[in-house]
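S.K.: Sequence and predicted model, in that order:
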Number of protein chains: 2
Amino acid sequence: MNKEASNKVYIEIVKKIRTMIVEDGLKIGDKIPSERELSERLQVGRSSVREALRALELLGLIETRRGEGTFLRDARGNQLVQLLSTFILQDEKAKEDVKDTLQFIEMDCLRLVLQRNNVEQIVSFRKTLESINVSDEEFFLKMIELGDNHLMYRIWIILSNFYRSLNFQEEPYSKSKYLALLDALLLGDENVVLDKYLQLRKLST
Amino acid sequence: MNKEASNKVYIEIVKKIRTMIVEDGLKIGDKIPSERELSERLQVGRSSVREALRALELLGLIETRRGEGTFLRDARGNQLVQLLSTFILQDEKAKEDVKDTLQFIEMDCLRLVLQRNNVEQIVSFRKTLESINVSDEEFFLKMIELGDNHLMYRIWIILSNFYRSLNFQEEPYSKSKYLALLDALLLGDENVVLDKYLQLRKLST
DNA sequence: TATACAGCGTGGTCAGACCACTGTCGGAAT
DNA sequence: ATTCCGACAGTGGTCTGACCACGCTGTATA
């Protein structure tokens, strides 16, 4: 009982791998030790190491390449999304939930942008948008960056990948509505911002 | 190239397990076949089966009990939460993000409740709340139920577990503010609802 | 009848083997 | 000297068999 962490070797391995990553200052894209080396360094069987790695892989935190090695990954949409989408989304209601939730999250992001009130960057981004085209994904990634909330970022990434994997109809691209949304953000009125968002998403006139 | 799913046996196993669950109509708490039986039925090595199961376990979708078996799990806060919290939440800013995001989600849930406008259930719940005490968690679980969005439910579960694991100060329990929030919901004015929520969370006077 | 024990099935772990794939390094051909 | 190609070492992917620890259950015993 003294050792709370007695059970689940592979969980311990996951923690040690994390410690290793932090201590060695490994960054995204870096290679982590091979399975055999980890097995030796941690004094556990290779199969246990693999169980830990497979779990991390499914979470999207690492990426394994046969013949090359295992690498830290820029955790975004991944196996987890695919998996959850098949496990969770088994009916049409669930799909609607994804759509609704994604839109709630996007509106929350816009509220965050309003809170931060980083006028300069919004103006800068507006100029960029005038000169070149950006995809819907790029637009909201920018919004989330302006909102400066990493957790919200991760949630949005997952949900938007969910959404795309569900094959809803893809709305046509309309730059003017994005510009209008940015203008509303500069105005600073939440209701106007949300109204512009809903227009963008074709949810109101 | 015809077989897209060629690589990653353990991913295939995960999918097959899911199929098995659906076809056999297994429910939460039910036992799934043993590792050895799965190994035989799917014609793969037991270690591959284990890799798939460990991944599912880390996701919180199953629960393994030594000497008993493997069971479908009521997927709520779990290893995934613990793990992500150590992987992601490495600075104070991240903790603030959790707090902010959780509150955004909760407000979104309240907006959903407003949309559904299920007056009867709100009134019913209000009477319950008058007679007995409910925890903050129970209160918002009810709100999410009224919002009727399972995905939002899952997100909230994860975030609230995150939040609790971060050891923020626990605000005192104040039943009157919960009642006021319910009354606002019955009124149907979003601004009033959100105002009451912020009072509940001590974010405004 | 009530208790204790042995056996069986389960997950947990390890070691070793083999395969497929990748990058490299040196030798051979040009 | 340069280019090309094949052997080789390292890596992940998978399978097998073995043993342990634990929980349950049925039976034999007190």
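M.R.: Arrived safely.
S.K.: Please enumerate residues in contact with the longest helix along chain A?
M.R.: As assigned by DSSP state H, the longest helix anywhere in chain A is helix A:92-116. Contacts to helix A:92-116, defined as CB atoms under 8 Å, 6 or more residues apart in numbering or on different chains, come from residues A:88-89, A:122, A:140, A:143-144, A:146-149, A:152, A:155-156, A:159-160, A:162-163, A:166, A:168, A:181, A:185, A:188, A:190, A:193-194, A:197, A:201, A:203, B:100-101, B:104-105, B:108, B:111-112, B:149-152, B:155. For the C-beta atoms, the positions are set from N, CA and C on the backbone; glycine is no exception.
S.K.: ChimeraX command to pick out the buried ones of those?
M.R.: Buried members of the contacts of helix A:92-116, defined by 16 or more other CB atoms under 10 Å in any protein chain shown, are picked up in ChimeraX with:
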select /A:88,89,122,140,143,144,146,147,148,149,152,155,156,159,160,162,163,181,185,193,194,197,201 /B:100,101,104,105,108,111,112,149,150,151,152,155
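S.K.: In helices, which of the contacts of helix A:92-116 appear?
M.R.: A:88, A:122, A:140, A:143-144, A:146-147, A:152, A:155-156, A:159-160, A:162-163, A:181, A:185, A:190, A:193-194, A:197, B:100-101, B:104-105, B:108, B:111-112, B:150-152, B:155.
S.K.: quick one, what contacts the nearest residue to A:V113 once chain neighbours are set aside?
M.R.: Nearest non-adjacent residue to A:V113, counting by CB to CB, 6 or more residues apart in numbering or on different chains: A:L146, 4.6 Å away. A:L146 makes contacts with A:L112, A:V113, A:R116, A:N118, A:Q121, A:I122, A:F125, as judged by CB under 8 Å, 6+ apart.
S.K.: Next, give phi and psi for the fourth one.
M.R.: A:N118 adopts backbone torsions of phi -90, psi 80, taken as degrees, to the nearest 10.
S.K.: Quick one: residues contacting it.
M.R.: A:L146.
S.K.: Which segments of chain A make up each domain?
M.R.: The record assigns chain A these domain ranges, following automatic domain parsing: A:4-72, A:81-200.
S.K.: which one of those domains lies closest to B:R18?
M.R.: domain A:81-200 (6.2 Å; CB to CB).
S.K.: Near DNA strand D, which residues of chain A? Just list them.
M.R.: A:34-37, A:46-47, A:50, A:53, A:64-70 (CB under 7 Å from any atom of the strand).
S.K.: Which stretch among the domains of chain A approaches DNA strand C most closely?
M.R.: Nearest to DNA strand C, of all the domains of chain A, is domain A:4-72, at 2.5 Å by CB to the nearest atom of the strand.
S.K.: Is chain B within reach of the closest one?
M.R.: Yes: using CB under 8 Å from any CB of the partner chain, domain A:4-72 reaches chain B at A:7, A:10-11, A:14-15, A:18, A:22, A:47, A:50-52, A:54-55, A:57-59, A:61.
S.K.: before we move on, what about stretch A:179-189?
M.R.: No: Stretch A:179-189 does not reach chain B (CB under 8 Å from any CB); its nearest approach is 13.4 Å.
S.K.: Enumerate the positions of that stretch that are buried.
M.R.: Going by 16+ other CB under 10 Å, stretch A:179-189 has these buried residues: A:A180, A:L181, A:L182, A:A184, A:L185.
S.K.: From B:L179, how far off is the third one?
M.R.: Applying CB to CB, to the nearest Å, one obtains 41 Å for the distance of A:L182 from B:L179.
S.K.: same check, this time on the second one
M.R.: Counting by CB to CB, the separation of A:L181 from B:L179 is 38 Å.
S.K.: Kindly report the same for the last one.
M.R.: As judged by CB to CB, A:L185 and B:L179 stand 36 Å apart.
S.K.: again with A:R36
M.R.: Distance of A:R36 to B:L179, given as CB to CB: 62 Å.
S.K.: so how far is stretch A:196-205 off the chain centroid?
M.R.: Relative to the chain's own centre, stretch A:196-205 is displaced by 24 Å; criterion: CA atoms, centre = their mean, to the nearest Å.
S.K.: So what touches it?
M.R.: Residues from elsewhere that reach stretch A:196-205 (CB under 8 Å, 6+ apart): A:103, A:106-107, A:110, A:171, A:174, A:177-178, A:180-181, A:183-184, A:195.
S.K.: Can you give me the pLDDT of A:L141?
M.R.: pLDDT, A:L141: 89.
S.K.: What is the burial count for it?
M.R.: Using other CB atoms under 10 Å in any protein chain shown, A:L141 has 17 other residues around it.
S.K.: What of A:G29?
M.R.: By other CB under 10 Å, the burial measure for A:G29, its neighbour count, is 10.
S.K.: Wait, a helix at it?
M.R.: No: counting by DSSP: H, G, I helix; E, B strand; the rest coil, one finds A:G29 to be coil, located in no helix.
S.K.: in the longest helix of chain A, what's buried?
M.R.: Quick answer for helix A:92-116 (16+ other CB under 10 Å): A:94-95, A:97-114.
S.K.: pLDDT averaged over that helix - what is it?
M.R.: Helix A:92-116 comes out at a mean pLDDT of 88.
S.K.: ditto for stretch A:150-162
M.R.: 80.
S.K.: what's the offset of it from the middle of its chain?
M.R.: Centroid separation for stretch A:150-162 versus its chain: 4 Å, with CA atoms, centre = their mean.
S.K.: Does at least one residue of that stretch sit close to chain B?
M.R.: Yes: Stretch A:150-162 is in contact with chain B by CB under 8 Å from any CB, via A:H150, A:L151, A:M152, A:R154, A:I155.
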